[in-house]
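Q: how would this look folded up:
(one chain, ligands or ions: 1)
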Amino acid sequence: MSQLNPTKALNGARTGHICDRCNKCVQTGELVRVYATYYDREGWMLRRVWCEECGESTLEGGTDGADEAIVEAVFWDHRLVSINVIDRCR
Ligand SMILES: [Zn+2]
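A: So this is what the prediction gives:
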């Protein structure tokens, strides 16, 4: 199922531009890291956004059996593009 693939599902997703850790404003063209979860009911949802310096690269713990992923993406006019999965667990 294509929607289970976070690379496709999150491509073009709208996102905030403030790092959840240091409150830096991310500019268009900069890399961000995003933590996202997948639940059958709602699909892939962005949970956290970090600037390049703050971004986590590994998942910690679990979220009730949800599929989870950390992805790196280019922030482009409040959307995510050029997504790469950094870590993923189900
Ligand atoms: Zn930051």
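
Q: contact partners for Thr37?
A: Contact partners of Thr37, counting by Cβ atoms under 8 Å, 6 or more residues apart in numbering, are Trp44, Met45, Arg47, Thr63, Ala66, Asp67, Glu68, Ala69. Backbone N, C-alpha and C define where each C-beta goes, glycine included.

Q: report the buried residues of stretch 59-74.
A: Residues Asp67, Glu68, Ala69, Ile70, Val71, Glu72, Ala73 are the ones in stretch 59-74 that count as buried (16 or more other Cβ atoms under 10 Å).

Q: make that stretch 50-58, sorry
A: Of all the residues in stretch 50-58, those buried under the rule 16+ other Cβ under 10 Å are Trp50, Cys51, Cys54, Gly55.

Q: can you report how many residues neighbour the nearest residue to the second one once chain neighbours are set aside?
A: Taking Cβ to Cβ, 6 or more residues apart in numbering, and ignoring the residues beside it in sequence, Cys51 has Cys19 as its nearest neighbour in space, at 4.0 Å. By other Cβ atoms under 10 Å, the residues close to Cys19 number 20.

Q: what's the spacing between Cys19 and the ion?
A: Separation of Cys19 from the ion (Cβ to the ion, to the nearest Å): 3 Å.

Q: for that residue, give me phi and psi.
A: The phi and psi values for Cys19, taken as degrees, to the nearest 10, are phi -60, psi 130.

Q: list the residues that contact the spatially most central residue of the chain.
A: Per Cα atoms, centre = their mean, the C-alpha nearest to the average position across the chain is that of Val34, at 2.5 Å. With contact set as Cβ under 8 Å, 6+ apart, Val34 has these partners: Leu10, Thr15, Leu46, Arg48, Val49, Trp50, Ile70, Val71, Glu72, Ala73, Leu80.

Q: just checking, the third one is part of a strand?
A: Going back to what we said before, that points to Leu46. Yes - membership of Leu46 in a strand is supported by DSSP: H, G, I helix; E, B strand; the rest coil.

Q: thought Ala13 was touching it, still the case?
A: Yes - counting by Cβ atoms under 8 Å, Ala13 is a contact partner of Leu46 at 6.3 Å.

Q: now Lys8: which helix or strand?
A: Per DSSP states H and E: Lys8 is located in helix 6-9.
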